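Visitor: What would the 3D arrangement of this be:
(one chain, ligands or ions: 2)
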Amino acid sequence: MGVAFLSGQRSKDPRTQVGACIVNKDKRIVSTGYNGMPNSCSDDDLPWEREEGTLKNKHLYVCHAEMNAVVNTFSESLKGCTMYVSLFPCNECTKIIIQAGITEIWYYSDKKKGDPKDIASRKMLRMAKVKIRRFPRQKESIKIDFNVNENS
Ligand SMILES: Nc1ccn([C@H]2C[C@H](O)[C@@H](COP(=O)(O)O)O2)c(=O)n1
Ligand SMILES: [Zn+2]
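Guide: Residues are numbered from 1 along each chain as shown. Ligands and ions are numbered 1, 2, ... in the order given. Okay, here's the model as predicted:
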């Protein structure tokens, strides 16, 4: 989950940074992703605002962290893999997760719980028998010290 959050820090979304990390059955990381604009689509030309009903709405363009993690993988297959994600997957990412063969999801936050998209996600995940687990609140943060080996 730490790697998922670290990946999320690369997102340029000024409001919500989401990160995902996929591991295989041997617990090896096979992909990471964060929410961002599609490849070759400049952040300077696409909006980060959310003006509903207009073209100045990031939701029309942004690729979600989970989708990016699925398409970014170097693994031949994601069948039986587990996804760690900082925010519960939306209905669109859920479809991609299921189609990719991912069988378990650990999420940190589900702040949109109860929204229609969230309910649809849970319904599809239940039908597809994908296990969903809330990540335990063990730590508030992880400090990364780049100088850890300098004085030893
Ligand atoms: N499971 C999710 C949910 C959302 N995102 C992305 C999509 C946007 O960039 C941002 C949410 O923006 P907000 O509605 O909070 O302004 O997070 C994602 O990648 N995965
Ligand atoms: Zn999504």
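Visitor: Residue 104: neighbouring residues, count only.
Guide: Residue 104 has 14 neighbours, counted by other CB atoms under 10 Å. The C-beta positions use only the backbone N, C-alpha and C, and glycine is treated the same way.
Visitor: ok, it - contacts?
Guide: 81, 82, 83, 130, 131, 132, 133 (CB atoms under 8 Å, 6 or more residues apart in numbering).
Visitor: I'd like to know which of the residues you listed are buried.
Guide: Burial by neighbour count, 16 or more other CB atoms under 10 Å: within the contacts of residue 104 this picks out 81, 82, 83, 130, 132.
Visitor: end to end, how far does stretch 98-115 reach?
Guide: Stretch 98-115 has its terminal residues 20 Å apart, counting by CA to CA, to the nearest Å.
Visitor: which parts of the protein sit against ligand 1?
Guide: 13, 15-16, 18, 35, 50, 58, 62, 64-66, 87, 89-90, 93 (CB under 6 Å from any ligand atom).
Visitor: Okay, and which of the residues you listed map to strands?
Guide: residue 87 (DSSP state E).
Visitor: Give me the buried entries from the residues of the chain next to ligand 1.
Guide: Among the residues of the chain next to ligand 1, the ones that count as buried (16+ other CB under 10 Å) are 13, 18, 35, 58, 62, 64, 65, 66, 87, 89, 90, 93.
Visitor: Turn the residues you listed into JSON lines, including pLDDT.
Guide: Compiled in JSON lines, these are given as follows (pLDDT from 0 to 100):
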{"residue": "13", "pLDDT": "96"}
{"residue": "18", "pLDDT": "98"}
{"residue": "35", "pLDDT": "98"}
{"residue": "58", "pLDDT": "98"}
{"residue": "62", "pLDDT": "98"}
{"residue": "64", "pLDDT": "98"}
{"residue": "65", "pLDDT": "98"}
{"residue": "66", "pLDDT": "98"}
{"residue": "87", "pLDDT": "98"}
{"residue": "89", "pLDDT": "98"}
{"residue": "90", "pLDDT": "98"}
{"residue": "93", "pLDDT": "98"}
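Visitor: Next SSE downstream of the one helix or strand residue 120 maps to?
Guide: If you go by DSSP states H and E, residue 120 is part of helix 116-127. Moving toward the C-terminus from helix 116-127, the next helix or strand (DSSP H and E) is strand 131-134.
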